[in-house]
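*Asks:* Need coordinates for the below:
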Amino acid sequence: MSDPRTIDLLLWNSFMGKAYSVSDCFKENGIGILARVCKDAGFTVVIEDPARIDFYTAFTRNYLMPKLSELSERVFTFKNRGDMISLRKEWNLLQDELTRIIREKMEKYIDELARKTLENRVKVLGIKTWLGDRFAYSERLAQRVRELSPNTLVIAGGPQVNQFKAHALERSPFDFCIDVEGEVTLIQIMNTVKEVYSRGGTKSDALKKITDLAQAGKIFNILYRDDNGEVKETAIKRLSLNSKPFPLYEKEDGKVNIAVINESSGCYYGKCNFCTHPNITGKYQTRDIGITIKEIRETVTEMGTGLFRFAGSTTPVSLSNRIADALLTEGIHIEYSMFVRAETNAKKRMPELIGAYERIIRSGLKAVFLGAETANNDVLSEIMGKGNSAEDIYFTVAALKQASYNQKKHLDVGLSFIYPCPLPSGSAITHEQILEENLHLLQELKDEGYKPDSVLVTPAAPLPGTAWQMEPGRFGFELPEDYFQTVLRYEYELTKDPSTWPELNVSLHGIKFVDILKMSGLMEKKVRDMDYTVNVSDEHCLAARSAGFPGQKGLEEFKMKTDRSLLTTDYSFLADVYRKINTHSRQLAEKNFPSSHRTLFGGEKVS
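*Replies:* Numbers count the residues shown, from 1 in each chain. Below you'll find the predicted structure:
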């Protein structure tokens, strides 16, 4: 008989002591999937997910909030003030003090969580890692658990492990890392730990047994250390999308009721030189439409959730059209966002694309994100490897917007650019030319009535496993020797002027990192001057509209106020937004029930 005080698995969603993004508090499907498979296998599972607005509000409360809130209005609302330099200096000093306060809070939190791990005799601690400070705090928790609860096995996974692979384990105190998928691997580890401990074995025995199985090729997707301390990885094996379990969500969990749907995995094109998705997701997969519809229906009926994000790196119009047909045929009322790709030969296919997008919009599509990257065809082909053209980008956006107009249903379209970006070797193309062509495309779309709702601008980054990273010289990058370990823990200090960020020692065609950031900022400014909203993603558009922020002014207000909430740690606005989103999500779900059952989820709230 198992000890009731023992927890088999504690799953921790890592965080940095404060909110990072508006979408932090959305439903957590990755942990939900692992929780389901482990509970179904008979293990006791506890989830520690700080990404809830009530937790953030209580945890980050500090004496600087009033001053930061007052100063933020002066710093970010009136940008041409004569005293801006002194205001920025004061702002940066306050942010330094806030960082110190948050670090003290995090040290206490981590110590308490490690002690709870000991008190509950947790056999396995699973950590979902994210970038920057969240990865650093994941390491700190792993180290503290080693000190206080030495019999607990510590395993890391999540986006940062998936992207950095062996580098995530090389200098970290984790016992193992799980790469890509954990549904099968984690169960194997849990069963091995259970077997070893049931025979009176120790953590050392469990570590050896798991390592032996990995070396024998009997556990897939695991990063481990061999007898010499060198990090090794077993073969990657992915489940078919059709066999993946649905996530286990808890009611009244304080999360924002926007759920993720795995309608596809990866990208059907998968050849972009800058994109890390194929390295993570592997071969492109689509899920059976019937299974996708079943998950949507179950999430609607069991959780009272009517808002969704499609998880695919880029959902092709052919797949989204079939999903739309099924949603419309079955009369399921939801709203959702997704990633799309510029369709090849879009100009010739305009009537077909408009018809397909009209159907998709009728089914509930509210926002899309499209990666344009650049409006220069030579760069698209030679540097990006996109497989489409600037004309394809233009006419795909035009088709999306025309379909929206025809249906009289607004569709938010986000268009992203990489600037500055690598330039073709030996060409006469300049960064100034690229910027001019990008702005010209945006002006054309605006003039023709196809104006995107948001433009996202990011500087070029050689992500692990991409052609840009593996062949940096070919693309004009110069990377430091310790590039992986530095970027793995690098925190993009969004609360501060990028000129004050730590130097990365990364350059592009001889341009230093800080100057790369300035160039990206210049394009942002010029795009704003063209009356575009900047840097609002598709999921944030979905959130804004669901919370009652219409039109461009609404999107601008949503962006400004959420940014200030994140920068000042005063989360009162976010809490109000999340309540409104949950009300809208519930009301959408209730449209799928007879009127007599529409109060079923009426008590749900985010505090």
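
*Asks:* all helices of the stretch 351-500 of the chain, in order?
*Replies:* Taking DSSP state H, counting those that start in this stretch as the criterion, the stretch 351-500 of the chain contains helices spanning 377-378, 390-407, 431-447, 467-470, 483-489.

*Asks:* Any idea how many residues pack against residue 464?
*Replies:* 20 (other CB atoms under 10 Å). All C-beta spots, glycine's among them, are computed from the backbone N, C-alpha and C.

*Asks:* isn't it right up against residue 275?
*Replies:* No - the pair residue 464 and residue 275 fails to qualify as a contact (CB atoms under 8 Å) at a distance of 11.6 Å.

*Asks:* just checking, next helix/strand downstream of the longest helix that the chain contains?
*Replies:* Ordering each helix of the chain by length in residues (DSSP state H) puts helix 84-119 first. On the C-terminal side of helix 84-119, the closest following helix or strand by DSSP states H and E is strand 124-128.

*Asks:* packing partners for that next one?
*Replies:* Using 3 or more CB pairs under 8 Å, 6 or more residues apart in numbering; DSSP states H and E as the contact test, the elements touching strand 124-128 are strand 9-13, helix 29-40, helix 133-148, strand 153-157, helix 183-198.

*Asks:* Pick the most buried one from those.
*Replies:* strand 153-157 (a mean of 27; mean count of other CB atoms under 10 Å).

*Asks:* Parallel or antiparallel, which strands does it pair with?
*Replies:* Within its sheet, strand 153-157 is paired with strand 124-128 (parallel), strand 176-178 (parallel), according to DSSP bridges.

*Asks:* which one of the helices of the stretch 351-500 of the chain has the lowest average pLDDT?
*Replies:* Between these, the one with the least mean pLDDT is helix 483-489; it has a mean of 93.

*Asks:* what sits up against whatever helix or strand comes next after that one?
*Replies:* For helix 483-489, the succeeding helix or strand toward the C-terminus, using DSSP H and E, is strand 507-508. Applying CB atoms under 8 Å, 6 or more residues apart in numbering, the set of residues contacting strand 507-508 from outside is 420, 422, 460, 476-478, 513, 516.

*Asks:* Mind checking the pLDDT average for stretch 127-142?
*Replies:* Confidence over stretch 127-142, taken as the mean pLDDT, stands at 96.

*Asks:* and residue 47, that's in a helix?
*Replies:* No - secondary structure assignment places residue 47 outside any helix; it is strand (DSSP: H, G, I helix; E, B strand; the rest coil).

*Asks:* Check whether it really touches residue 36, as I assumed.
*Replies:* No - counting by CB under 8 Å, no contact exists between residue 47 and residue 36, whose distance comes to 11.2 Å.

*Asks:* follow-up on the earlier one: dump the strands paired with strand 153-157 into CSV; add distance to residue 549 and mean neighbour count as well.
*Replies:* Compiled in CSV, those are given as follows (distance: least, CB to CB, whole Å; neighbours: other CB atoms under 10 Å):
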stretch, distance to residue 549, mean neighbour count
strand 124-128, 30, 26
strand 176-178, 39, 25
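
*Asks:* Return the residues in contact with residue 312.
*Replies:* For residue 312, the set of contacting residues under the criterion of CB under 8 Å, 6+ apart consists of 262-267, 319, 338-339.

*Asks:* and of those residues, the nearest to residue 255?
*Replies:* Nearest to residue 255 among these, counting by CB to CB, is residue 262 at 17.9 Å.

*Asks:* Burial check on the closest one, number of neighbours?
*Replies:* The burial count assigned to residue 262 is 19, neighbours taken as other CB under 10 Å.

*Asks:* for stretch 337-345, how far is the first residue from the last?
*Replies:* The stretch stretch 337-345 measures 24 Å between its terminal residues, going by CA to CA, to the nearest Å.

*Asks:* buried ones in that stretch?
*Replies:* By neighbour count, and taking 16 or more other CB atoms under 10 Å as the criterion, the buried residues in stretch 337-345 are 337-343.

*Asks:* the domain parsing of the protein - what is it?
*Replies:* Each structural domain of the chain that the record assigns through automatic domain parsing is listed here as a residue range: 9-233, 256-582.

*Asks:* Would you mind putting those into CSV with distance to residue 250 alongside?
*Replies:* What follows is the domains of the chain, written out as CSV (distance: least, CB to CB, whole Å):
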stretch, distance to residue 250
domain 9-233, 8
domain 256-582, 9
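
*Asks:* Show me the one of those that comes nearest residue 593.
*Replies:* Closest among those, using CB to CB: domain 256-582, at 7.8 Å.

*Asks:* Centre of the chain to stretch 404-415, how far?
*Replies:* Using CA atoms, centre = their mean, to the nearest Å, the mean C-alpha position of stretch 404-415 is found 24 Å from that of the whole chain.

*Asks:* go on, stretch 432-444?
*Replies:* Worked out by CA atoms, centre = their mean, stretch 432-444 lies 28 Å from the chain centre.

*Asks:* who touches that stretch?
*Replies:* Residues from elsewhere that reach stretch 432-444 (CB under 8 Å, 6+ apart): 372, 374-376, 379, 390, 393-394, 415, 417, 419-421, 423, 452, 455, 522-523, 526-527, 530, 532.

*Asks:* let's see 6 Å
*Replies:* Stretch 432-444 has contacts (CB atoms under 6 Å, 6 or more residues apart in numbering) with 374-376, 417, 523, 526.

*Asks:* okay if I get those residues as TSV plus pLDDT?
*Replies:* Converted to TSV, those look like this (pLDDT from 0 to 100):
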residue	pLDDT
374	98
375	98
376	98
417	98
523	97
526	98
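
*Asks:* and of the residues you listed, the nearest to residue 146?
*Replies:* residue 417 (44.0 Å).

*Asks:* got a list of what that closest one touches?
*Replies:* Taking CB under 6 Å, 6+ apart, we find residue 417 in contact with 372, 438, 457.

*Asks:* Quick one: closest of the domains of the chain to residue 591.
*Replies:* With distances scored as CB to CB, the stretch of those nearest to residue 591 is domain 256-582 (4.0 Å).

*Asks:* Am I right that residue 586 is in a strand?
*Replies:* No - when three-state DSSP is applied, residue 586 is found to be helix, with no strand at that position.

*Asks:* Kindly confirm whether my reading is correct that it touches residue 304.
*Replies:* Yes - with contacts defined as CB atoms under 6 Å, residue 586 counts as touching residue 304 at a distance of 4.9 Å.

*Asks:* Assign residue 245 to helix, strand or coil.
*Replies:* Of the three states, residue 245 takes coil under three-state DSSP.

*Asks:* That one is in contact with residue 36, isn't it?
*Replies:* Yes - in terms of CB under 6 Å, residue 245 counts as a neighbour of residue 36; the distance is 5.1 Å.

*Asks:* burial of residue 512, as a residue count?
*Replies:* Summarising burial for residue 512: neighbours were counted as other CB under 10 Å, giving 15.

*Asks:* mind checking how far it is from residue 88?
*Replies:* 21 Å (CB to CB, to the nearest Å).

*Asks:* go on, residue 95?
*Replies:* For residue 95, the distance to residue 88 (CB to CB) stands at 10 Å.

*Asks:* what do you get for residue 310?
*Replies:* In this structure, residue 310 and residue 88 are 40 Å apart, going by CB to CB.

*Asks:* In terms of packing, which of the two has more residues around it?
*Replies:* Remark: of residue 310 and residue 88, residue 310 carries more neighbours, 24 against 16, as counted by other CB under 10 Å.
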